[in-house]
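Asks: output the structure for:
(one chain, ligands or ions: 1)
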Amino acid sequence: MYDFAYLKPASLSDAANQLASPDSKLLAGGMSLIPSLKLRLNRYATLVDLGALADLKGIRREGDALVIGAMTPHAEVAASDEVLTVLPALASLAEGIGDPLVRNRGTLGGSIANADPAADYPAAVVGLGASVITNRRTITADDFFKGVFETALQPDEIITAVRFPIPKRAAYAKYRQPASRFALVGVFAVQSANGVRVAVTGAAPSVFRLAAAEAALIKRFAVAALDGITLDTEGLNSDIHASAEYRAHAVVEMTKRAVAAALK
Ligand SMILES: Cc1cc2nc3c(=O)[nH]c(=O)nc-3n(C[C@H](O)[C@H](O)[C@H](O)COP(=O)(O)OP(=O)(O)OC[C@H]3O[C@@H](n4cnc5c(N)ncnc54)[C@H](O)[C@@H]3O)c2cc1C
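Replies: From the prediction side, this is the model:
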């Protein structure tokens with residue numbers, strides 16, 4: 001690990017000011033950032049720790065949505081009565097992330113800012129058509145994820161919360177890599193007043209919507225509606241864990257499982 005200065009601001013405006021200096025980087029739970037520093041994959045002059053900003057933590061109901069603070073750890077989302085009651089699919093997704101250490105330290109904001117192709121939260125953010133709220137603007141889910149570890153965030157922009165509309169039905173089905181528990185393929189399927197959305201993580205460089213499944217499910221939200229749907233392997237990930245063909249098959253299977261779970 002290279003040397004760096006460590007700052008822990010007491011307000012969001014202080015954090016934004018500190019982040020504006022060259023080579024500064026936000027630190028949330030540190031579950032992704034610290035290993036990358038330890039391996040000397042990244043080097044920053046200053047880390048700006050968001051850990052003292054209580055306003056960035058917590059879960060609240062706002063009309064027809066749940067608003068979850070960027071610094072809310074996965075374990076809190078998994079155990080929240082509010083989430084378990086109105087959006088159990090999100091609680092279940094959070095419960096399936098990594099291990100207890102990762103769930104206690106890792107945060108919603110850190111996960112989506114990191115935009116790991118195999119991360120779980122991007123599927124929920126895109127599947128639910130959520131809005132990512134930053135210290136400057138609101139970014140719709142469909143505009144947020146741009147590629148491998150790449151988002152629409154500016155280098156000095158801070159996610160403060162995510163607004164998740166509460167759907168009629170939703171479920172997340174994940175085929176996990178057994179060692180890390182990251183998603184080899186994860187599918188978040190949603191039926192809401194605005195229609196149907198199906199978001200896939202783990203299968204491609206970035207989360208994407210499965211248009212063919214959405215078109216079939218809008219006519220009839222049933223597992224049988226997905227019969228005959230296939231996914232082209234073009235552009236899918238292929239690595240030591242699974243080939244593109246394997247992932248294409250798993251996407252369809254996980255979509256069926258997500259729809260079946262949503263209907264329960
Ligand atoms: C062993 C292990 C297993 C894991 N398994 C899974 C899994 O199964 N599924 C899964 O989804 N994830 C998994 N993860 C990742 C985990 O979910 C982390 O929580 C997540 O990658 C990063 O969150 P963090 O809060 O630790 O962020 P950090 O590591 O602190 O930061 C990550 C990045 O986000 C930026 N950032 C952080 N907060 C903000 C903010 N508010 N605004 C803007 N930028 C911000 C940082 O600058 C940094 O670039 C695993 C991690 C480990 C170590």
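
Asks: in a strand, that's where Leu47 is, yeah?
Replies: Yes. The assignment for Leu47 (DSSP: H, G, I helix; E, B strand; the rest coil) places it in a strand.

Asks: isn't it right up against Lys8?
Replies: No. If you go by Cβ atoms under 8 Å, Leu47 and Lys8 don't touch, sitting 9.2 Å apart. Placement of C-beta: from N, CA and C, glycine included.

Asks: more crowded one of the two?
Replies: It is Leu47, of Leu47 and Lys8, that has more neighbours when counted by other Cβ atoms under 10 Å, with 19 against 15.

Asks: skipping adjacent residues, who's closest to Ser21 in space?
Replies: Nearest in space to Ser21, with sequence neighbours left out and distances taken as Cβ to Cβ, 6 or more residues apart in numbering, is Thr46 at 6.3 Å.

Asks: burial measure for that neighbour, as a count.
Replies: For Thr46, the neighbour count with other Cβ under 10 Å is 16.

Asks: equivalent analysis for the one 10 residues further on, please.
Replies: Leu56: 22 surrounding residues under other Cβ under 10 Å.

Asks: strands of the stretch 1-150 of the chain, residue ranges please.
Replies: Secondary structure of the stretch 1-150 of the chain (DSSP state E, counting those that start in this stretch): strands located at 5-7, 24-27, 46-49, 59-62, 65-69, 131-134, 138-140, 145-147, 150-151.

Asks: put the alpha carbons of stretch 244-264 into CSV.
Replies: These are the backbone C-alpha positions of stretch 244-264, laid out as CSV (Å, rounded to 0.1, in the frame of the first residue of the first chain):
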residue,chain,number,x,y,z
ALA,A,244,-20.6,-17.0,-22.3
GLU,A,245,-22.9,-19.9,-23.4
TYR,A,246,-23.2,-21.1,-19.8
ARG,A,247,-24.1,-17.5,-18.7
ALA,A,248,-26.6,-17.1,-21.5
HIS,A,249,-28.4,-20.3,-20.3
ALA,A,250,-28.2,-19.2,-16.7
VAL,A,251,-29.7,-15.8,-17.4
VAL,A,252,-32.9,-17.4,-18.8
GLU,A,253,-33.0,-19.9,-16.0
MET,A,254,-32.5,-17.2,-13.3
THR,A,255,-35.2,-15.0,-15.0
LYS,A,256,-37.7,-17.9,-14.7
ARG,A,257,-36.7,-18.4,-11.0
ALA,A,258,-37.0,-14.7,-10.3
VAL,A,259,-40.5,-14.6,-11.8
ALA,A,260,-41.6,-17.7,-10.0
ALA,A,261,-40.3,-16.2,-6.7
ALA,A,262,-42.0,-12.9,-7.4
LEU,A,263,-45.4,-14.7,-7.9
LYS,A,264,-45.2,-16.5,-4.6
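
Asks: for the ligand, what are the nearby residues on the stretch 101-250 of the chain?
Replies: Taking Cβ under 6 Å from any ligand atom as the test, the list of the stretch 101-250 of the chain residues beside the ligand reads 102, 105-107, 109-111, 113-114, 116, 119-121, 153, 158-159, 180-182.

Asks: so which of those residues are in helices?
Replies: 102, 105, 109-111, 113-114, 121 (DSSP state H).

Asks: by neighbour count, which of the residues you listed wins?
Replies: Tyr121 (30 neighbours).

Asks: for the residue nearest to it when sequence neighbours are not counted, give me its contacts.
Replies: For Tyr121, ignoring the flanking residues on the chain, the nearest one in space by Cβ to Cβ, 6+ apart is Ser111 at 4.5 Å. Going by Cβ atoms under 8 Å, 6 or more residues apart in numbering, Ser111 touches 74, 97, 119-122.

Asks: give me the distance between Ser111 and Ser11.
Replies: Between Ser111 and Ser11 the distance, using Cβ to Cβ, to the nearest Å, works out to 24 Å.

Asks: where does Ala204 fall, secondary structure wise?
Replies: When elements are defined using DSSP states H and E, Ala204 is found to belong to no helix and no strand.

Asks: now do the contacts for it.
Replies: Counting by Cβ under 8 Å, 6+ apart, Ala204 touches 117, 235-237.
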